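> Predicted structure and sequence below. I'll ask about it afterward.
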Amino acid sequence: MPTVKYQRGDMVMGRWPGSSLYYEVKVLHFEANSQLYTVIYKDGTELELKEQDIKSAAGFQARPRSRSRSRSPGRRRSRSRSPARTTRPSCTAAAAAAVAAAAITESAPPSRRDAKLKDSLEVRLMPPEQTKAPENNGSTKHGKQEDNEPASKVNEKSEPEKNQSRYNLRRRKDDGDGKAEAKAERLEEQEAKMAAAAPPSVSLDFGGKPGAYFWLLFLPAWVLFLVLKVNQEDPSLANFPPPWPPLESFWDAKALGFVVLWILFQVLLYILPVGKLSEGMPLRSGERLKYRTNGFFAMVVSGVAVAAAVQQGADLTYIHSHFLQLAVSSFLVSVLLSSYLYVRSGRAAAEQLALGGSSGHVAYDFFKGRELNPRIKYFDLKFFCEMRPGLIGWCLINFALALAEMKRQGLEAPSHAMILVNLFQLLYVADGLWNEEAILTTMDLMHDGFGFMLAFGDLVWVPFTYTLQAYYLVSRPTPLSPPALAAIVTLKLVGFYIFRKSNSEKNAFRRNPSDPQLSHLKTIPTATGRSLLVSGWWGVVRHPNYLGDLLMALAWSLPCGFSHLLPWYYMIYFLILLVHRDSRDMSECRRKYGSAWDEYCRTVRYRIIPRVY
Ligand SMILES: NC(=O)C1=CN([C@@H]2O[C@H](COP(=O)(O)OP(=O)(O)OC[C@H]3O[C@@H](n4cnc5c(N)ncnc54)[C@H](OP(=O)(O)O)[C@@H]3O)[C@@H](O)[C@H]2O)C=CC1
Ligand SMILES: CC(C)=CCC[C@@H](C)[C@H]1CC=C2C3=C(CC[C@@]21C)[C@@]1(C)CC[C@H](O)C(C)(C)[C@@H]1CC3
């Protein structure tokens, strides 16, 4: 039975991942299964550390002040420059990177010095509060674009503070020992392993364990409610509950057949060796997965196939008349898929699990998803489900609903409102698939596990609730005046512009921070080595992409008029989803980036809507 060396509340020295620096940390928790301690640094960053990365404070000595002045400023200057411009580092991680660099260059043997220095700069160590340099003048304020200070200058400025909290980086027994180099290598290996391990969930979102049960029951029930509601002649809220159809009408084997065929058809298009192979963001293991980003191709081929089928006499209005059965069939597929995902996640290695999905509670983990990138050979299940069957299916259903409207209302062509809804949503999906690579830097792909929430969201929620506006219009003619039409189109285009530009800016920056086209942007360095954009779109609000998306959502509902709440459902749901996503992302980024995130939030004060929220 292993003993727990450090107890909750103990103040100890914790090594910062990727560096040899130790900072004072408080032990919050010990997880027996993973043998990891959750510790909190003074800047609020929480990390999981192995026992060997924790030392008692007595094993350290404060670093003598005089030695840090002996380095060559010229050399440090060249190394401390970041490819993308950064804000002045005096009170941020860059200062600590310089501090770390200084400390390491003194203690490492000359042959390893450069590599160590480079490593520490790449890591951009975030100091605990007391290592920060003083906020010396107004020019250090973020938002001002300045060159990086040479490391020496930063060090000298922060010297008084540094001495309170900097510690000798080497273990004492390494002093003067010729084997230091080999030890450093072993240390680096340990660091890599530590970074790869999946820490257990620290806090559970979505209401935790009881929340998981709630969502597992509520989400399918809500889709059923909406589908039944939109079929009511008078879908007003007062007309409640919607009539319950006979049990046998929920099931149609042919509908299940169509759903399965559609998914298989999309699988076939996905695996065709057509289109670019894009690299995902680095995983905790350092690996970068490859994704076949041929979504736009898949959409075009699907469109041609559907058109050919209609030409051959296929009646797409079947989708309208069997909406409920198709939704139920897709639900069954999503449950089977989620069960498979949950079972296979039991065999996944620790570093393949999402940080938030390994609570150990079956319902929660089933709902949230455990495995980050479940794959069958090169077939990435999460990426495929998010971008193909449901998303392209959404357009197919919208098109079928336009045909159903013509049939139901005896029209030669779809109504203006139906055309707007179809074109707007087609543009949204086509854009998502055209820029498919950008999905690789979104929360779902980078952080969320693949479980019921996303499987159901991708296969049921998107195709059967995002089409409600078109479904609503099938039997409810909604005339639009030319000025209303023009105003709605303008709103859609403005929203789309903000959405696309901001998403592309972040994606380009995450892929290549030194992209010359982004060199005008100001950034805040963080302890993880990644920077945060603090100007451009991401300097206006913290989620400019959500703002654009919400404006587009408004433009999708407006063509349906104000007679009922039902076509406004997407707008309301989306507002709640994005506000919740924003707060999930805030806590995740706070955990990841510590005080650099706080600094970003101080600089960019509003979350989604400038000057409002
Ligand atoms: N139609 C729909 O149903 C839905 C649409 N969407 C849309 O999908 C798109 C992606 O959304 P989502 O995945 O939620 O979130 P984002 O694409 O906004 O990704 C958030 C991540 O971006 C990074 N980031 C945050 N701030 C900065 C910054 N200042 N500089 C650089 N990187 C930053 C962080 O990740 P890191 O630092 O780790 O890179 C953060 O975790 C959005 O346009 C959204 O509107 C989303 C949900 C549903
Ligand atoms: C309530 C519930 C079941 C929520 C699940 C949420 C999912 C429906 C959404 C999570 C993120 C999504 C994204 C898109 C679709 C909806 C889901 C899956 C998206 C693919 C739509 C097209 C966009 O262009 C996009 C690629 C930016 C977007 C990415 C996020």
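Structure received. Ligands and ions are numbered 1, 2, ... in the order given.
> just the strands in this protein please.
11-15, 22-31, 36-41, 46-50, 54-55, 276-279, 290-293, 375-376, 379-380, 523-525, 531-533 (DSSP state E).
> Can you tell me how far the residue most central in space within the chain is from ligand 2?
In the chain, the centroid-proximal residue (Cα atoms, centre = their mean) is Met443; its distance is 1.1 Å. From Met443 across to ligand 2, the span is 8 Å (Cβ to the nearest ligand atom, to the nearest Å). C-betas here are computed from N, CA, C, even on glycine.
> repeat for Cys395
11 Å.
> That residue contacts Gly295, doesn't it?
No - contact between Cys395 and Gly295 fails when scored by Cβ atoms under 8 Å: they sit 12.0 Å apart.
> Looking at the two, which has the bigger crowd around it?
Gly295 (29 against 22; other Cβ atoms under 10 Å).
> Grab the nearest non-local neighbour of the more buried one.
Leu433 (3.5 Å; Cβ to Cβ, 6 or more residues apart in numbering).
> For the one you found, grab the count of nearby residues.
Leu433 has 22 nearby residues by other Cβ under 10 Å.
> And Ser330, by the same measure?
29.
> ok so, going back, residues contacting the residue nearest to the centre of the chain?
Listed by Cβ atoms under 8 Å, 6 or more residues apart in numbering, the contact set of Met443 reads Arg581, Arg584, Asp585, Glu588.
> any idea which of those residues is closest to ligand 2?
Arg581 (7.9 Å; Cβ to the nearest ligand atom).
> Kindly tell me how buried the closest one is, as a neighbour count.
The burial count for Arg581: 16, using other Cβ under 10 Å.
> quick one: contacts for it?
With Cβ under 8 Å, 6+ apart, Arg581 has these contacts: Met443, Tyr546.
> And the residue of the stretch 451-600 of the chain closest to ligand 2?
Gly457 (2.7 Å).
> My error: substitute the stretch 101-250 of the chain in the last question.
Leu219 (5.4 Å).
> ok, that residue touching Leu454?
No - Leu219 lies out of contact with Leu454 (Cβ under 8 Å); the separation is 11.6 Å.
> Could you check what's spatially nearest to the closest residue to ligand 2 within the stretch 251-400 of the chain, not counting adjacent residues?
Proximity of the stretch 251-400 of the chain to ligand 2 (Cβ to the nearest ligand atom) peaks at Glu386, 5.1 Å away. Once flanking residues are discounted, Glu386 sits nearest to Asp458: 5.2 Å by Cβ to Cβ, 6+ apart.
> thinking the one you found is in contact with Gly390, fair?
Yes - the pair Asp458 / Gly390 is scored as a contact, 4.5 Å apart, by Cβ under 8 Å.
> Burial check on the closest residue to Thr317 other than its chain neighbours, number of neighbours?
Excluding its sequence neighbours, the residue lying closest to Thr317 (Cβ to Cβ, 6+ apart) is Ala404, at 4.5 Å. Number of residues near Ala404 (other Cβ under 10 Å) recorded here: 25.
> does Ala404 really touch His322, like I thought?
No - look at Ala404 against His322 with Cβ under 8 Å: they stay out of range, at 11.2 Å.
> ok, now which ones touch the residue of the stretch 251-400 of the chain closest to ligand 2?
Ile439, Asp444, Leu445, Leu454, Asp458.
> quick one: which of those residues is nearest to Ala308?
Ala308 has its nearest neighbour among the contacts of Glu386 in Asp458, at 26.0 Å by Cβ to Cβ.
> Quick one: residues contacting the closest one.
Contacts of Asp458 (Cβ under 8 Å, 6+ apart): Ser334, Cys385, Glu386, Pro389, Gly390, Leu391.
> Ligand 2 contacts on the stretch 151-300 of the chain?
Leu219 (Cβ under 6 Å from any ligand atom).
> how does it look with 8 Å?
Neighbours of ligand 2 within the stretch 151-300 of the chain, by Cβ under 8 Å from any ligand atom: Trp215, Leu219.
> low-confidence ranges in the stretch 151-300 of the chain?
Applying pLDDT under 70 to the stretch 151-300 of the chain flags the ranges 151-202.
> what's the answer for the stretch 351-500 of the chain, then?
356-357.
> What parts of it come near ligand 1?
428, 439, 441-447, 457, 462, 466, 499.
> for the chain, which helix is longest?
helix 482-511 (DSSP state H).
> ok, and for it, which residues are buried?
By neighbour count with 16 or more other Cβ atoms under 10 Å, helix 482-511 contains the buried residues 485, 488, 491-492, 495-496, 498-500, 502-503, 505-510.
> what does stretch 303-322 give?
Gly303, Val306, Leu316, Thr317, Tyr318, Ile319, His320, His322.
> That one: how far from the chain's middle?
Distance of stretch 303-322 from the chain centroid (Cα atoms, centre = their mean, to the nearest Å) equals 36 Å.
> Can you pull the residues of the stretch 151-300 of the chain lying near ligand 1?
Near ligand 1, when you scan the stretch 151-300 of the chain using Cβ under 8 Å from any ligand atom, you find Met281.
> about what we covered before: any idea which of the contacts of Asp458 is the one closest to Asp234?
Gly390 (29.5 Å).
> tally of neighbours for His29?
Neighbour tally, His29, other Cβ under 10 Å: 14.
> For ligand 1, see how far away it is.
24 Å.
> ditto for Leu269
22 Å.
> And Asn231, by the same measure?
23 Å.
> returning to that earlier point: quick one: contacts for the residue nearest to Thr317?
Leu316, Thr317, Ile319, His320, Ser321, Val474.
> These into a markdown table, with extra columns for distance to ligand 2?
Output for the contacts of Ala404, formatted as a markdown table (distance: Cβ to the nearest ligand atom, whole Å):
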| residue | distance to ligand 2 |
| --- | --- |
| Leu316 | 22 |
| Thr317 | 26 |
| Ile319 | 20 |
| His320 | 22 |
| Ser321 | 25 |
| Val474 | 23 |
